[in-house]
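Peer 1: For reference, the sequence and a predicted model appear below.
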Amino acid sequence: MAEPERRRRRPTVSCALCRRRKIRCNRENPCSNCIRSKNENCIYSENQALQSPRVHVGRAHAAGGVAVQSHQFREPISTISGDRASSTSIESTVASYPLSSIAASLTSTSTFPSHPPSTRGEETDVESIKNKIQQLEEQLSKATARSTPFPTTPSSTNIETKTSSLGGEFHIEFESRVFGHAQSIPRSTTHKARLFGQSHWINMAILVSEGIFEILEPHIKDDTSKTFTTLHRCKYLSKMIKTRRAPPWPCPPTADLPPKNITDELIDCYLRTIERVYRILHIPTFRKEYEALWLASPEPGSAFLVQLKLVLAIGAVTYDDQFSLRASAIRWVYEAQTWCSKPKFKSRLSVQSLQTKILLLIAEEIVDVGADPIWTSSGALLRTAVFMGLHRDPERLAKRTTFATQMHRRLWNTILELNLQSSLSLGGPPLLSSSDFDTEPPGNFDDDQLLTDDAVPKSDGDFTQTSVAISLRKTFPVRLAVAKLLNDLSSDGSYEATIRLDGELRAAYKTLCQNFQRCRLNSGLSPSSFELRVVDFIMHRYLSALHVPFFGPSLRETAFTFSRKVVVESALKIWCAAYPASPILNAQSHGNITSSNADDLARLVTCGSGFYRTVAVEATLLIAVELRAQLEENESLSPVILRPDLLSVMEDSKTWGLRCIEAGVTNIKGHLLSSIVAAHIEGLIQGIGKDQLTAVLVRAAEDSLERTLPMLEAMLAQGQDDGNVHELHQMSLNTSPEATENWDFLTSDSLFSPGNAEPMLWMFNHEITQDPSFW
């Protein structure tokens, strides 16, 4: 039976309007007829599939071709050759699908029959398809370029509140990753009306206090305990000592100076320490004006006299091991504060006034004179410098001498360093970027060269009086990136960024060390022991701060083991630089350290306050956390073998705490905390139980207080008559909190209160002045 003739179905290629009117369609979108009739919707039928001409196998072989599989496009023409205005939606659609699926689809749709189309319409359809495929390939390429190899990991934050009678209430912001690492990373800490970023010591202090203060709290709160009464007595003595030292306010500047031999030595102490790192003065000009003071000349101007006394105050910190001129240094700072607070000082916008402001900022922190936090003061100083135009390079301003150009660059460089240093210390954002200024680094000049206009800078291999400042400036961009990563609100704080900055910081430090090594090989001036050690101290501080946020999680998760190692090694190097008397260094030679200034950095850390002392204390506490973690991780029957150098730091910190008190530090909590932490570690080594451990910690606190109390009594007795000392001994051991005003750090949250300029207030500063808390 013959099959009925099957009618070939012709594909529909006209739009709906043209089919309904039965007119010829030019097959565009919109077509010419729809445009002419103002039809907004030029719609093609959904069953309008553009089909490739069928290729019969036999015909293909007869033509010598290859049989090609037929591929049909299921989308309507309106989708394939759609409006160009829909490219954005197409791009988003492409990005929403897996790239591999899109690539596979493009590969399959790019196969065409081997024979040419038979009609002009089919040829147009094929060309349109080819054009659309090319567009999709371009969009795929853009989508691939935008995709990152490490997609951003979504994160969630939660606020954890910790409260105790010792520290008060803390609100800690933790960030936890949804995928990947399970441990939460502390991002910031809110205490009273203050918010501290990741680089602030308080985030680490909370980690140190875990498990210790909870044990001691019941005993310290008991007003009948020996710890309570002795601690209150120490607080009272400290307040009395600081009150006796402080001169009356206001304290107008006077022309009184120490004898010339002492003044000369104080100036030398300043010039070989702080001035070598933070270039502020032009030394020949300063010495010329200083020598004129001792001649039969007119009375010196108050501006230079105030500047000189600030130099003496800073130099007094490294004058001797006892800081014997502390009272004089405090008075000199008070005189400078009084002079700067005069209303007419606001109109003094000159290089000398800016130098005085910088010196006052450093003196307030190092001498520990109560003032605004250095982060806020350095911010005001930065804006003053910007107002004076120091953020613009002199080459872009009016022509000036070499001396003026280099002093311009030196002062701006010092202000940048102080802002960055204060950001790291107090956990505040730098509020500064490299695009905010174009001032070049200072030139490699000695100060004597600036006296001539045709001076030529020395090569990088020649060490000058500005080499340390120039070397630190070269590392400024990466150190600024570290501070931004830790404290900026917009920072993601990812571990990938931490590892990247670690590599950049190490590379910058390696280059810095190589430059110093070349300078030491050359004949002539070479870096001193203080300069080498302080640069090492500063760079390891940034390296440690970069990894400290991951130090706590690294104690429980191996993913951050690298950070744990970096923190411990950096803390050990910081301690060795700050405390050269440590037995760790006894077996090593120090041929590069001269006897005249071998202890300058040690004196700055022991007698001074602020950045250097805070970093040294934080290093000892980080090492204590590491030792405690190693003991708690031990699950074997054999005893844990701890590193002798780390154990030595624990004993060194107690000895160093006593030296600080001998140097006039009135706060005994540094030695107290070191003693308690060392006793805790010793108890864990011995494997004693919780009850016995409590007794060990209480005994360690009592021993520390019994040792420091006589030192405070002797400190107050110096220069006092017998009546005052007798009155002091008659003080009741059960002194009420009202009688001791605000010095009771055990009630409320005074232990960790960073209420003034001293970052480690709860350890080193006893003059706690607080407003009523609403938190």
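Peer 2: Received, thanks.

Peer 1: State the distance from S648 to L627.
Peer 2: S648 sits 11 Å away from L627, going by Cβ to Cβ, to the nearest Å. Glycine gets a C-beta too; all of them are placed from N, C-alpha and C.

Peer 1: okay, those two: which has more neighbours?
Peer 2: Under the neighbour definition other Cβ atoms under 10 Å, S648 and L627 were set side by side, and L627 has more, 25 against 17.

Peer 1: Mind pulling up the pLDDT for the more buried one?
Peer 2: On pLDDT, L627 comes in at 93.

Peer 1: ok, now S491?
Peer 2: pLDDT, S491: 84.

Peer 1: again, but for R400
Peer 2: 91.

Peer 1: my guess is A663 contacts Q322, does it?
Peer 2: Yes. At 5.4 Å, A663 counts as touching Q322 under the criterion of Cβ atoms under 8 Å.

Peer 1: where do the contact lists of these two overlap?
Peer 2: By Cβ atoms under 8 Å, 6 or more residues apart in numbering, A663 and Q322 have these common neighbours: C607.

Peer 1: does the residue nearest to K573 when sequence neighbours are not counted sit in a helix, a strand or a coil?
Peer 2: Excluding the flanking residues, the one nearest K573 by Cβ to Cβ, 6 or more residues apart in numbering is H540, at 5.0 Å. H540 falls in the helix class when you classify it by DSSP: H, G, I helix; E, B strand; the rest coil.

Peer 1: List the contacts of H540.
Peer 2: 570, 573-574, 577.

Peer 1: Alpha carbons of the helix or strand that contains L621, as PDB, please.
Peer 2: In the assignment (DSSP states H and E), L621 maps to helix 611-633. Extracted C-alpha coordinates of helix 611-633, given in PDB (Å, rounded to 0.1, in the frame of the first residue of the first chain):
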ATOM      1  CA  PHE A 611      54.500  52.900  72.700                       C
ATOM      2  CA  TYR A 612      57.800  51.200  73.500                       C
ATOM      3  CA  ARG A 613      56.900  50.100  77.000                       C
ATOM      4  CA  THR A 614      53.400  48.900  75.900                       C
ATOM      5  CA  VAL A 615      54.900  46.700  73.100                       C
ATOM      6  CA  ALA A 616      57.400  45.100  75.500                       C
ATOM      7  CA  VAL A 617      54.700  44.200  78.000                       C
ATOM      8  CA  GLU A 618      52.400  42.800  75.300                       C
ATOM      9  CA  ALA A 619      55.300  40.700  74.100                       C
ATOM     10  CA  THR A 620      55.700  39.000  77.500                       C
ATOM     11  CA  LEU A 621      52.000  38.400  77.800                       C
ATOM     12  CA  LEU A 622      51.800  36.800  74.300                       C
ATOM     13  CA  ILE A 623      54.600  34.400  75.300                       C
ATOM     14  CA  ALA A 624      52.700  33.600  78.500                       C
ATOM     15  CA  VAL A 625      49.700  32.700  76.500                       C
ATOM     16  CA  GLU A 626      51.800  30.400  74.300                       C
ATOM     17  CA  LEU A 627      53.300  28.600  77.300                       C
ATOM     18  CA  ARG A 628      49.900  28.100  78.900                       C
ATOM     19  CA  ALA A 629      48.500  26.800  75.600                       C
ATOM     20  CA  GLN A 630      51.300  24.300  75.200                       C
ATOM     21  CA  LEU A 631      50.700  23.000  78.700                       C
ATOM     22  CA  GLU A 632      46.900  22.700  78.200                       C
ATOM     23  CA  GLU A 633      47.400  20.900  74.800                       C
END
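
Peer 1: list the buried ones in it?
Peer 2: Neighbour-count burial for helix 611-633, counted by 16 or more other Cβ atoms under 10 Å, picks out 611-631.

Peer 1: which helices and strands sit right next to it?
Peer 2: helix 201-209, helix 402-426, helix 529-547, helix 561-578, helix 600-607, helix 644-662, helix 669-686 (3 or more Cβ pairs under 8 Å, 6 or more residues apart in numbering; DSSP states H and E).

Peer 1: repeat that for 7 Å
Peer 2: helix 201-209, helix 402-426, helix 561-578, helix 600-607, helix 644-662, helix 669-686 (3 or more Cβ pairs under 7 Å, 6 or more residues apart in numbering; DSSP states H and E).

Peer 1: Of those, which is nearest L472?
Peer 2: Across the helices and strands packed on helix 611-633, L472 has its closest neighbour in helix 402-426 (6.4 Å, Cβ to Cβ).

Peer 1: can you state the direction angle for that closest one and helix 611-633?
Peer 2: 30 degrees (axes from the mean of the first three to the mean of the last three Cα atoms, to 10 degrees).

Peer 1: The residue most central in space within the chain and E635, how far apart?
Peer 2: Compute the mean C-alpha point of the chain, and by Cα atoms, centre = their mean the closest residue is A483, 2.9 Å away. Distance, A483 to E635, using Cβ to Cβ: 39 Å.

Peer 1: How about G552?
Peer 2: Per Cβ to Cβ, G552 is found 20 Å from E635.

Peer 1: With T666 instead?
Peer 2: Counting by Cβ to Cβ, the separation of T666 from E635 is 44 Å.

Peer 1: Who has more neighbours out of those two?
Peer 2: Looking at T666 and E635 with other Cβ under 10 Å, you find the greater number of neighbours at T666, namely 24 against 5.

Peer 1: Quick one: neighbours of the residue found closest to C42 once you drop the neighbours it is linked to in the chain, just the number.
Peer 2: Using Cβ to Cβ, 6+ apart and skipping the chain neighbours, the partner closest in space to C42 is P30 (3.5 Å). Using other Cβ under 10 Å, the number of residues around P30 comes to 20.

Peer 1: Ok, D222 next?
Peer 2: Neighbours of D222 using other Cβ under 10 Å come to 12.

Peer 1: Does it touch F228 like I think?
Peer 2: Yes. With contacts counted by Cβ atoms under 7 Å, D222 reaches F228, the gap being 5.9 Å.

Peer 1: Secondary structure class of I172, three-state.
Peer 2: Assignment for I172 (three-state DSSP): strand.

Peer 1: oh sorry, the question was meant for T190
Peer 2: strand.

Peer 1: List the contacts of it.
Peer 2: Counting by Cβ atoms under 7 Å, 6 or more residues apart in numbering, T190 touches H171.

Peer 1: quick one: the helices in the stretch 451-600 of the chain?
Peer 2: For the stretch 451-600 of the chain, helices defined by DSSP state H, counting those that start in this stretch occupy the ranges 467-474, 476-487, 495-521, 529-547, 551-554, 561-578, 600-607.

Peer 1: Mean confidence (pLDDT) on the first one, please.
Peer 2: Model confidence over helix 467-474 averages 96 on the pLDDT scale.

Peer 1: One more: the fifth one?
Peer 2: Averaging the model's pLDDT scores along helix 551-554 yields 90.

Peer 1: can you list contacts of that helix?
Peer 2: Contacts for helix 551-554 (Cβ under 7 Å, 6+ apart): 183, 185, 207, 560-561, 563-564, 567, 622.

Peer 1: Residue ranges in the stretch 151-300 of the chain under the pLDDT threshold?
Peer 2: Scanning the stretch 151-300 of the chain for pLDDT under 70 picks out 151-157, 162-168, 176-183, 188, 296-297.

Peer 1: Run through the helices of it in chain order.
Peer 2: Going by DSSP H, counting those that start in this stretch, the stretch 151-300 of the chain shows helices at 201-209, 213-221, 226-245, 260-271, 274-277, 283-293.

Peer 1: and what of the stretch 301-450 of the chain?
Peer 2: 302-317, 326-340, 351-367, 374-387, 402-426.

Peer 1: want to try CSV for those helices, with distance to K654 and mean neighbour count as columns?
Peer 2: What follows is these, written out as CSV (distance: least, Cβ to Cβ, whole Å; neighbours: other Cβ atoms under 10 Å):
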stretch, distance to K654, mean neighbour count
helix 302-317, 23, 24
helix 326-340, 23, 21
helix 351-367, 24, 23
helix 374-387, 28, 19
helix 402-426, 24, 23
